[in-house]
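S.K.: whatever this is, show me its structure:
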Amino acid sequence: MNRSSPGTSKSKVSLSLAKAIDGFLKFKTAEGLSQRTITSYEFTLGHWLKYIGDREVSEIQSSDLTGYMAWLRTEYKPRRWNGSSEPLSAKSIRNVWVTFRSFFGWLQVEFKFPNPAKEITAPKFQKHPVETFTKEDVEKILKACVYSRESQTEERKKFVMRRPTANRDQAIVLMLLDTGLRATELCSLIINDVDLKTGKVTIRHGVAGGAKGGKGRTVYLGKVARKTVWRYLASREDGDDPDAPLFISHADRAFNKDSLRVLINRLGDRAEIKKAYPHKFRHTFAITYLRSGGDVFTLQSLLGHGSLDMVRHYAQIAEVDVEQAHRKASPADNMRL
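M.R.: So this is what the prediction gives:
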């Protein structure tokens, strides 16, 4: 890419926003960012471009960014998959700010453009409390996987029917609960990624694995979950095909995060449990793991977190002392150096 000579305070490069956004997305893709992050950048910057119009990058001021964020907060009505048009959350507004920081930071480094996002203070947002399922909730959801809602007609007594996707849905629920996988990670699994003899589940590196940041890892399934996944695969004609998706929808296609969310939401409705969504199983896994004696450092690895920040949060909820855990695990202390 063309760069200005060192020491110049302002770029003389003529560059439109549309071209800059295209270049930024290509650069970040080549850098190895996850497809999820790239898609988020593309949507946010594309939406802003439609709002502001294609201009020269050098013309953009911090007021152009704050004005857009204010519009998102007060006037914009998003269209969601469930039909809701509630205003964007404070967290979503902050994500827009994060995107602007990344985009204009890149322009500053590559072309020496001034960075208008630097002048904007990070929007504040209140973190939602971590929500988990209880043991009773999970039992109800597993039951909802198997049986339809109770039906009643004038000519017959009340009755329930076994759902044709019972084995699959139970396998999905137990896989989420037992591994703490993110939705995209579970949807990206192929049959070859799961060793039902050992319980080893491989999250592949890169876009194919669906992991945040493209960083693969290994997680594990317990005996109950393994048995349930085996039962599901045994009923599939392609259950022995190592390259087939682990979980498929009615159309014999791999799940995506949206279809998975719809499934879990519907199971929650059937089980009469409020706020049932895939990530809630991840929270449940983490806190149950700690309360069952698991250590915070292994949990960090299993969850695929780059830092201990979120794990510390789980530890606070589970009332686990991270400092005490480190004292037990300290290599220098245990080696008696």
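
S.K.: hey, let's count contacts and neighbours off CA atoms from now on
M.R.: OK.

S.K.: where do the helices sit along the stretch 101-250 of the chain?
M.R.: Assigned by DSSP state H, counting those that start in this stretch, the helices in the stretch 101-250 of the chain fall at 135-146, 166-179, 183-188, 223-234.

S.K.: go through those and name the closest to residue 51.
M.R.: Set against residue 51 and scored by C-alpha to C-alpha, these come closest in helix 183-188, at 29.8 Å.

S.K.: what packs against the closest one?
M.R.: With contacts defined as 3 or more C-alpha pairs under 8 Å, 6 or more residues apart in numbering; DSSP states H and E, the packing partners of helix 183-188 are helix 257-270.

S.K.: could I get the helices of the stretch 101-250 of the chain as a markdown table with distance to residue 296, mean neighbour count and mean pLDDT?
M.R.: What follows is the helices of the stretch 101-250 of the chain, written out as a markdown table (distance: least, C-alpha to C-alpha, whole Å; neighbours: other C-alpha atoms under 10 Å; pLDDT from 0 to 100):
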| stretch | distance to residue 296 | mean neighbour count | mean pLDDT |
| --- | --- | --- | --- |
| helix 135-146 | 22 | 18 | 96 |
| helix 166-179 | 15 | 22 | 97 |
| helix 183-188 | 21 | 23 | 95 |
| helix 223-234 | 23 | 18 | 97 |
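
S.K.: and those: which comes nearest residue 47?
M.R.: Taking the helices of the stretch 101-250 of the chain one by one with C-alpha to C-alpha, helix 183-188 is closest: 23.5 Å.

S.K.: which residues sit against that closest one?
M.R.: The contact list for helix 183-188, computed with C-alpha atoms under 8 Å, 6 or more residues apart in numbering, reads 176, 203, 208-211, 245-247, 254-257, 260, 278-279.

S.K.: same question for stretch 292-303.
M.R.: The set of residues external to stretch 292-303 that reach it, using C-alpha under 8 Å, 6+ apart, is 179-181, 217-219, 286, 289-290, 306-308, 311-312, 315, 322, 325.

S.K.: give me the spatial nearest neighbour of residue 145, chain neighbours excluded.
M.R.: Computed as C-alpha to C-alpha, 6 or more residues apart in numbering, the closest residue to residue 145 that is not its neighbour in sequence is residue 166, at 5.0 Å.

S.K.: what's near enough to touch the one you found?
M.R.: In this structure, residue 166 makes contact with 145, 146, 147, judged by C-alpha under 8 Å, 6+ apart.

S.K.: re earlier: show me which of the contacts of stretch 292-303 are buried.
M.R.: Neighbour-count burial (16 or more other C-alpha atoms under 10 Å) applied to the contacts of stretch 292-303 gives 179-181, 217, 219, 286, 289-290, 308, 311-312, 315, 322.
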